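Asker: Give me coordinates for this.
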Amino acid sequence: MAGQRIGSVLVLADDGSVAGIVSERDVVKAVAAGPERLAEARAADMMTRHVIAASPETSVDEAMELMDSGYFRHLPVLENGRLVGIISIRDLVKYRIMQHESDLDSLKRYITRPS
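Answerer: Numbering: from 1, shown residues only. The predicted structure is shown next:
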């Protein structure tokens, strides 16, 4: 995770469904619980099993609220129980910044247009 600058990894079951998620926080908890056992630890030993997920229809506001209320930074996107993507808080922040910049550009064009 550190080498690839990835904040979380999804764990999939044999049928392709999401079995869990291993986040940086989960790794830190595993280290705190017993660093000597970390070399033998498996994803199943440290993953969060109750994974909150979005659907492709989930709005940006809803996704941000899910992340904020759950105190996590990565949100899997499932369609019919199958993983179709993952959204990070960084993705959502970048989207919001682009949206605000677009709104600002529109306002500037409106204000400066010839009468």
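Asker: which residues sit in contact with the residue nearest to residue 72 when sequence neighbours are not counted?
Answerer: Excluding its sequence neighbours, the residue lying closest to residue 72 (CB to CB, 6 or more residues apart in numbering) is residue 23, at 6.8 Å. For glycine as for every other residue, the C-beta is placed from the backbone atoms N, C-alpha and C. Residue 23 makes contact with 7, 8, 48, 72, 73, 74 under the criterion CB atoms under 8 Å, 6 or more residues apart in numbering.
Asker: ok, the last one touching residue 21?
Answerer: Meaning residue 74. Yes - using CB atoms under 8 Å, residue 74 is in contact with residue 21, at 6.9 Å.
Asker: which residues are common contacts for those two?
Answerer: residue 8.
Asker: Spatially central residue for this protein, please.
Answerer: Among the residues of the chain, the one closest to the centroid is residue 74, at 1.6 Å (CA atoms, centre = their mean).
Asker: What does that one show for phi and psi?
Answerer: Backbone torsions of residue 74, given as degrees, to the nearest 10, read phi -130, psi 140.
Asker: Could you do residue 52 as well?
Answerer: Dihedral angles (degrees, to the nearest 10) for residue 52: phi -80, psi 140.
Asker: count of neighbours near it?
Answerer: Per other CB atoms under 10 Å, the neighbour tally for residue 52 reads 14.
Asker: How about the one 4 residues further on?
Answerer: Applying the criterion other CB under 10 Å, we find 9 residues in the vicinity of residue 56.
Asker: before we move on, what about residue 47?
Answerer: Neighbours of residue 47 (other CB under 10 Å): 19.
Asker: Identify the residues contacting it.
Answerer: Residue 47 neighbours (CB under 8 Å, 6+ apart): 11, 19, 20, 21, 22, 26.
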